[in-house]
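Student: here's my sequence, what's the structure:
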Amino acid sequence: MATANDIGTFIVRTPEIRGGRPRIAGTGVTVRRVVGWYKLGRSPEEIVDRFRHLSLAQVFAALTYYQANREEIDADLAAEKAEADRLEQEYLSKRALSGDSSLSR
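Tutor: Residues are numbered from 1 along each chain as shown. Alright, predicted model coming up:
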């Protein structure tokens, strides 16, 4: 007989790992990362195929956590995007000041 898994054990938070963000237990994969892949159009099965150390149950647990805590994860994703945009603009500004426009848009 198969052993039942307690769904409450799939997602954990540890202050010193990934800044305390919710992540899949036993991994460094955050819920926001799984949600990001999902929002890019990857199915849960495709996420598992690409990241073989994750099980389908873990991916669904992350997506379930997201559905139950959408505001928290969306705010985290928005903050990550804002920081990436800020860093890109900083980089492009430095390139423009140095006279190298080969990488600017």
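Student: show me what the helix or strand bottoming out on mean pLDDT in the chain is packed up against.
Tutor: Taking mean pLDDT, DSSP states H and E as the measure, the helix or strand of the chain with the lowest value is helix 70-97, at a mean of 92. The contact analysis (3 or more C-beta pairs under 8 Å, 6 or more residues apart in numbering; DSSP states H and E) places helix 70-97 against helix 31-39. (Glycine included, C-beta is placed from N, CA and C.)
Student: run through who's touching the helix it packs on.
Tutor: Residues from elsewhere that reach helix 31-39, judged by C-beta atoms under 8 Å, 6 or more residues apart in numbering: 11, 21-24, 44, 47, 50, 54, 59, 62-63, 65-66, 69, 73, 76-77, 80.
Student: that one: which residues count as buried?
Tutor: When burial is assessed from 16 or more other C-beta atoms under 10 Å, helix 31-39 yields the following buried residues: 31-35, 37-38.
Student: and what of stretch 41-60?
Tutor: For stretch 41-60, by 16+ other C-beta under 10 Å, it's 42, 44, 47-48, 51, 54, 58-60.
Student: give me the contact list for that stretch.
Tutor: Contact with stretch 41-60 is made by 5, 10, 24-25, 27, 29, 34, 37-38, 63, as judged by C-beta under 8 Å, 6+ apart.
Student: average model confidence for it?
Tutor: Looking at stretch 41-60 alone, the average pLDDT works out to 96.
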